[in-house]
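Asker: what's the 3D shape of this:
(2 chains)
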Number of protein chains: 2
Amino acid sequence: MRTAFYISDGTAITSEVFGHALLSLFPIQFEHVTVPFVETEQEAYETVRKISEIFQRTGERPLVFYTIVNKDVKEIISTSEGIHYNFLEQYIAPLEKTLGVPSKPEKHRTHSIHEKTYDIRIDAVNYALANDDGTNLKEYGKADIVLVGVSRSGKTPTSLYLALQYGIKAANYPFTEDDMGDILKLPSALRPYKNKLFGLTISPERLHQIRSERKANSKYASMQQCRMEIREVENLYRKEKIPFLNSTHFSIEEISAKILSITGLSRHKY
Amino acid sequence: MRTAFYISDGTAITSEVFGHALLSLFPIQFEHVTVPFVETEQEAYETVRKISEIFQRTGERPLVFYTIVNKDVKEIISTSEGIHYNFLEQYIAPLEKTLGVPSKPEKHRTHSIHEKTYDIRIDAVNYALANDDGTNLKEYGKADIVLVGVSRSGKTPTSLYLALQYGIKAANYPFTEDDMGDILKLPSALRPYKNKLFGLTISPERLHQIRSERKANSKYASMQQCRMEIREVENLYRKEKIPFLNSTHFSIEEISAKILSITGLSRHKY
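Answerer: Numbers count the residues shown, from 1 in each chain, chains lettered A, B, ... in the order given. Next comes the predicted model:
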């Protein structure tokens, strides 16, 4: 199996995202090795040795995706026996010309605590945790968005992703048996925040499957209950004109991107 | 201000990460616009129109970072008045040669629910939530790692990041006043999981600052208390040979990358 290295003087997240996107275009498997925080010449030589070892053992040149600021460290990596993808470098000179300013590479510019929105993201994570699952309605005034939906429709992971990645304060509120009654009405506690509500829904079949993994053979997990709850929330969304999204076929990354796109919420990190 | 567009037929996360890394090399501000899920020719034409509008208004060609699979949609985007960075494309032909197989681009290959590790990541998020803050020691047997440390040293956001990004099941346990006593000993409940423990520490000054934001002028937030707790946990880590990391100057992305690197834990997503 061909090995791909992701190397950086920082987290190597950028190299991983770029390399993974490129390799995902090919219908084959790769062995992945991330080497973060390569900051000294000695660490660079060790990494070059690792690459050589794998080349010797497999007979296939590893693919090496890297972004490194220090010139000496970068040059050492570029002497490895791998196939090198210094994938940002080539764009720098033309972009300097376009922008009319010289680049000023600094270490740890991305994914570090020095990003000015870092504290906003951590606050948003704490907010999401404190306002998970309808536990704490008194802070909904501070929410950027309030996700609503039935239990297990994807609210919690989505609110955490919105917080971690984008610094968006997302509360979430589950409609429960108590809210349902004969017919699901908008709980009066949510009404003051109606313009922040965003609904999630999901296919009854998928909901039944997810709930069955938690509580097999319960009323909670039954197809009948799942069908009823989904019908009620979708009726409510339509009646109250709450924007909503069916999460059945989407990842939390996709749900989050769609929510941002639909609501126009402004995010704190790119 | 120069505008940067991130365009994709998927979430556009890859374009954002690439574009952001490149632009972060320049000491200037940009206006960012993400346009995800551009899947039809009509959506492509609308996006081209948006780019033109900004060019007309500002007199500066927007930078356009994009990855799109559909050929017709891609071609429409490439006719915009922006400066185009179709940053994966150029690597495909040489990589096909290297790998000896043709590429097989498919939509939604990354960041979608179809990634085979998606369910593992969601399970890990649910695990992290259920095992946050020492609430639930009986599931520690299933943990990949148990983060330990004093209150507010970064355990919870780190465990959520490890789960969301890498599908790693991270429990976390806070050492409390009860554990401290005269001298902090390893709680007996943790001993069976000793080989999974990873310690976080933080500077007393930073801890004091974070705790003061939550409970100003409390004993909990006092410099004296913060100093005492940090001294005790660091002594414990050394005595029990628990690997540990000082989180003071690191983001959760950096802490997570360092934990993976130190422990050699295997991750479920690249």
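Asker: drop to CA atoms for contacts and neighbour counts, all remaining ones
Answerer: Noted.
Asker: so where do the helices sit in the stretch 1-150 of chain A?
Answerer: Using DSSP state H, counting those that start in this stretch, the helices of the stretch 1-150 of chain A run over A:13-23, A:41-58, A:71-77, A:89-99, A:118-130.
Asker: tell me the most buried of these?
Answerer: helix A:13-23 (a mean of 22; mean count of other CA atoms under 10 Å in any protein chain shown).
Asker: other SSEs contacting that helix?
Answerer: strand A:2-8, strand A:63-67, helix B:13-23 (3 or more CA pairs under 8 Å, 6 or more residues apart in numbering or on different chains; DSSP states H and E).
Asker: Check the spatially closest residue to A:Val73 that is not a sequence neighbour and give its pLDDT.
Answerer: With sequence-adjacent residues excluded and distances taken as CA to CA, 6 or more residues apart in numbering or on different chains, A:Val73 is closest to A:Glu41, at 5.3 Å. With respect to pLDDT, A:Glu41 scores 98.
Asker: And chain A, what are its domain boundaries?
Answerer: A:2-99, A:118-263 (automatic domain parsing).
Asker: Turn those domains into JSON lines, including distance to B:Glu115.
Answerer: Formatted as JSON lines, the domains of chain A follow (distance: least, CA to CA, whole Å):
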{"stretch": "domain A:2-99", "distance to B:Glu115": "10"}
{"stretch": "domain A:118-263", "distance to B:Glu115": "9"}
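Asker: which residues touch the nearest residue in space to A:Thr110 that is not next to it in sequence?
Answerer: Once flanking residues are discounted, A:Thr110 sits nearest to B:Ala21: 6.6 Å by CA to CA, 6+ apart. Shown in contact with B:Ala21 (CA atoms under 8 Å, 6 or more residues apart in numbering or on different chains): A:14, A:88, A:109-110.
Asker: re earlier: what's the closest of the helices and strands packed on helix A:13-23 to B:Val233?
Answerer: strand A:2-8 (31.1 Å; CA to CA).
Asker: Report the strands that pair with the closest one, each with its relative direction.
Answerer: The pairing partners recorded for strand A:2-8 under DSSP bridges are strand A:30-35 (parallel), strand A:63-67 (parallel).
Asker: Which one, of the ones you listed, ends up nearest to B:Cys226?
Answerer: strand A:30-35 (33.8 Å).
Asker: what's the spacing between A:Leu197 and chain B?
Answerer: 22 Å (CA to the nearest CA, to the nearest Å).
Asker: check contacts around that residue.
Answerer: Taking CA under 8 Å, 6+ apart, we find A:Leu197 in contact with A:145-148, A:242-243.
Asker: List buried residues within these.
Answerer: A:145-148, A:242-243 (16 or more other CA atoms under 10 Å in any protein chain shown).
Asker: Filter those down to just the ones in strands.
Answerer: Taking DSSP state E, the ones among the buried ones among the contacts of A:Leu197 that sit in strands are A:145-148.
Asker: so which two of those residues are the farthest from each other?
Answerer: Within these, A:Ile145 and A:Val148 form the most distant pair, 9.6 Å apart (CA to CA).
Asker: Identify the contacts common to these two.
Answerer: Common neighbours of A:Ile145 and A:Val148, counting by CA under 8 Å, 6+ apart, are A:197-198.
Asker: returning to that earlier point: would you mind giving the buried ones among the contacts of A:Leu197 as CSV with pLDDT and distance to B:Ser159 added?
Answerer: Formatted as CSV, these follow (pLDDT from 0 to 100; distance: CA to CA, whole Å):
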residue, pLDDT, distance to B:Ser159
A:Ile145, 98, 24
A:Val146, 97, 23
A:Leu147, 98, 22
A:Val148, 97, 25
A:Ile242, 98, 33
A:Pro243, 98, 31
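Asker: Can you give me the neighbour number for A:Tyr193?
Answerer: Applying other CA atoms under 10 Å in any protein chain shown, we find 14 residues neighbouring A:Tyr193.
Asker: hang on, I meant A:Val101
Answerer: There are 12 residues near A:Val101, going by other CA under 10 Å.
Asker: A:Ser218 too?
Answerer: Neighbour count for A:Ser218, taken as other CA under 10 Å: 11.
Asker: same question, A:Lys194
Answerer: With other CA under 10 Å as criterion, A:Lys194 counts 16.
Asker: Contact partners for the closest residue to it other than its chain neighbours?
Answerer: Leaving aside its sequence neighbours, A:Lys194 sits nearest to A:Ile242 (CA to CA, 6+ apart; 7.9 Å). Counting by CA under 8 Å, 6+ apart, A:Ile242 touches A:194, A:197-199, A:236.
Asker: quick one: which of the residues you listed is nearest to A:Gly264?
Answerer: A:Phe198 (12.2 Å).
Asker: Residue numbers of the stretch 51-200 of chain A in contact with chain B?
Answerer: By the rule CA under 8 Å from any CA of the partner chain, the part of the stretch 51-200 of chain A lying against chain B is A:88, A:91-92, A:101-106, A:109-113, A:118, A:122, A:125-126, A:157, A:161, A:164.
Asker: Please work out the average pLDDT along stretch A:200-218.
Answerer: Stretch A:200-218 shows a mean pLDDT of 95.
Asker: One more: stretch A:53-61?
Answerer: For stretch A:53-61, mean pLDDT rounds to 97.
Asker: ditto for stretch A:101-109
Answerer: Mean predicted confidence for stretch A:101-109 is 87.
Asker: what sits up against that stretch?
Answerer: For stretch A:101-109, the surrounding residues in contact (CA under 8 Å, 6+ apart) are A:9-10, A:68-69, A:92, A:96, A:114-115, B:21, B:24-27.
Asker: which of the contacts of B:Ala21 are buried?
Answerer: Those of the contacts of B:Ala21 that meet the buried threshold are A:14, A:88, A:110, by 16+ other CA under 10 Å.
Asker: can these go into TSV with extra columns for distance to B:Gly82?
Answerer: TSV is the format used below for these (distance: CA to CA, whole Å):
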residue	distance to B:Gly82
A:Thr14	24
A:Leu88	19
A:Thr110	25
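Asker: Go through the residues you listed and name the one nearest B:Asn172.
Answerer: A:Thr110 (26.5 Å).
Asker: Report the contact partners of that closest one.
Answerer: With contact set as CA under 8 Å, 6+ apart, A:Thr110 has these partners: B:20-21, B:24.
Asker: Could you count how many residues lie near A:Lys116?
Answerer: A:Lys116: 11 surrounding residues under other CA under 10 Å.
Asker: That one and chain B, how far apart?
Answerer: Distance of A:Lys116 to chain B, given as CA to the nearest CA: 11 Å.
Asker: tell me the contacts of that residue?
Answerer: Counting by CA under 8 Å, 6+ apart, A:Lys116 has no contacts.
Asker: So which bits of stretch A:187-194 are buried?
Answerer: Buried residues in stretch A:187-194, defined by neighbour count with 16+ other CA under 10 Å: A:190, A:194.
Asker: For it, give the mean pLDDT please.
Answerer: 94.
Asker: With stretch A:112-121 instead?
Answerer: 86.
Asker: and if you look at stretch A:79-91?
Answerer: 96.
Asker: Kindly check the end-to-end length of it for me.
Answerer: End-to-end distance for stretch A:79-91: 21 Å, by CA to CA, to the nearest Å.
Asker: just to revisit the earlier point, between the contacts of A:Leu197, which is nearest A:Ser222?
Answerer: Comparing the contacts of A:Leu197 against A:Ser222 with CA to CA places A:Val148 closest, at 20.9 Å.
Asker: OK, contacts around the closest one?
Answerer: Contacts of A:Val148 (CA under 8 Å, 6+ apart): A:155, A:172-175, A:197-200.
Asker: Pull the residues that contact stretch A:23-39.
Answerer: Contact with stretch A:23-39 is made by A:1-12, A:16, A:44, A:47, A:70, A:73, B:101-106, B:109-110, B:257-258, B:261, B:270, as judged by CA under 8 Å, 6+ apart.
Asker: just to revisit the earlier point, now the contacts of A:Val148 as a markdown table including secondary structure?
Answerer: Output for the contacts of A:Val148, formatted as a markdown table (DSSP: H, G, I helix; E, B strand; the rest coil):
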| residue | secondary structure |
| --- | --- |
| A:Lys155 | helix |
| A:Asn172 | strand |
| A:Tyr173 | strand |
| A:Pro174 | strand |
| A:Phe175 | strand |
| A:Leu197 | strand |
| A:Phe198 | strand |
| A:Gly199 | strand |
| A:Leu200 | strand |
